[in-house]
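>>> curious how this folds, go ahead:
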Amino acid sequence: MSDKSPLLEFNDVHVEVEGKEVVKGVSLKIYPGETHAIMGPNGSGKSSLSNALMGHPLYTITKGEAFIKGESILKMKADERSRAGLFLAFQYPLAVPGVSVANFLRAALKSHRGEEADMSDYRGLLKKEMAALSIDPSFATRYLNDGFSGGEKKRIEILQMSILNPAMALLDETDSGLDIDALKTVSEGINRYQDETKGLLLVTHYQRLLNYVKPQHVHVMAAGKFVKSGGPELALKLEDEGYDWIVNNSAVGA
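Numbers count the residues shown, from 1 in each chain. Purely as a prediction, here's the structure:
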């Protein structure tokens with residue numbers, strides 16, 4: 001941690017989905033240059049937290065505070081949070097028939113830059129980033145995620161992150177559904193994005209992504225709470241011993 005201000009900060013955040021509280025008071029600060037990982041069993045609240053921070057309408061922050069670069073996000077719509085510097089790569093990216101990948105990304109980038117922005121560099125930027133992620137150029141004209149495999153969808157999510165270049169990226173189980181070659185390519189894209197000016201929060205079940213994208217901080221979430229935090233060695237212990245040894249020895253739900 002440095003003397004800089006955090007890129008993303010949330011304090012005592014509670015989240016409800018369809019009237020049920022699924023996140024029960026979590027706090028975290030992520031500073032420029034830091035990579036954090038949230039790990040935990042299914043149903044622990046990891047994805048709900050990510051979606052709530054990004055402004056998904058089905059996930060309501062009922063208590064607490066959340067800031068991007070010092071600015072409260074609680075009254076911002078999802079697109080406003082995106083323009084403020086927050087990005088979410090979805091666990092299950094949706095298909096958008098009728099909208100090509102190239103047109104979608106161009107519209108997103110123009111929204112970030114502003115209506116009067118010069119977009120003359122866009123075609124070269126798209127070609128460069130697609131090549132870096134081993135995405136066939138033909139995908140630029142295909143409808144967004146329509147008929148894509150799980151791995152192809154995840155590459156397009158990382159392509160979107162590369163094009164928009166946000167200050168703070170939340171990656172929700174980006175490793176799910178990837179074979180080893182796709183995992184390596186996606187991980188290279190994540191590592192190329194991250195630098196000393198940006199923040200990264202990885203949500204994952206497994207150690208395997210963390211073999212390629214190295215976090216400085218690992219947090220274990222269970223029953224809607226952070227129950228343990230540590231360094232990268234914590235993820236290795238989870239891989240060896242599972243989650244029961246933490247969950248059973250934590251005052252979860254107390």
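>>> could you use CA atoms for every contact and neighbour count after this?
Noted.
>>> low-confidence regions, the stretch 151-254 of the chain specifically.
247-254 (pLDDT under 70).
>>> next, the nearest residue to Ala117 once chain neighbours are set aside: secondary structure please.
Sequence neighbours aside, Lys110 is the residue nearest to Ala117 in space, at 6.7 Å (criterion: Cα to Cα, 6 or more residues apart in numbering). Classification of Lys110 by DSSP: H, G, I helix; E, B strand; the rest coil places it in helix.
>>> ditto for Ala107
Quick answer, by three-state DSSP: Ala107 is helix.
>>> touching, Glu239 and Tyr206? I think so.
Yes. At 6.9 Å, Glu239 and Tyr206 qualify as touching, with contact defined as Cα atoms under 8 Å.
>>> check the gap between the residue nearest to Ala117 and Ile68 for me.
Using Cα to Cα, to the nearest Å, one gets 21 Å for the distance from Lys110 to Ile68.
>>> those two: which is more packed in?
Between Lys110 and Ile68, Ile68 has the larger neighbour count (other Cα atoms under 10 Å), namely 21 against 16.
>>> for burial, what's the neighbour tally of the residue lying closest to the more buried one once chain neighbours are set aside?
Leaving aside its chain neighbours, Ile68 sits nearest to Leu8 (4.8 Å; criterion: Cα to Cα, 6+ apart). Leu8 sits with 26 neighbouring residues when counted by other Cα under 10 Å.
>>> report the beta-bridge partners for Leu8.
Applying DSSP bridges to Leu8 gives these bridge partners: Ile30, Ile68.
>>> pretty sure it contacts Lys29?
Yes. Here Leu8 reaches Lys29: they are 5.9 Å apart, a contact under Cα under 8 Å.
>>> separation between Gly40 and Leu88?
Distance from Gly40 to Leu88, by Cα to Cα: 19 Å.
>>> picking that back up, higher neighbour count, Glu239 and Tyr206?
Neighbour count, other Cα under 10 Å: between Glu239 and Tyr206, Tyr206 has more, with 19 against 14.
>>> can you tell me the element the more buried one falls in?
Using DSSP states H and E, Tyr206 maps to neither a helix nor a strand.
>>> who touches it in this structure?
Tyr206 makes contact with 39, 239 under the criterion Cα atoms under 8 Å, 6 or more residues apart in numbering.
>>> gap between it and Gly242?
Taken as Cα to Cα, the span from Tyr206 to Gly242 is 10 Å.
>>> repeat for Met161
31 Å.
>>> same drill for these two, tell me which one is more crowded.
Met161 (22 against 15).
>>> what is the burial count for the closest residue to the more buried one other than its chain neighbours?
Using Cα to Cα, 6+ apart and skipping residues adjacent in sequence, the residue nearest Met161 is Phe87, 7.2 Å away. Look at Phe87: counted by other Cα under 10 Å, it has 25 neighbours.
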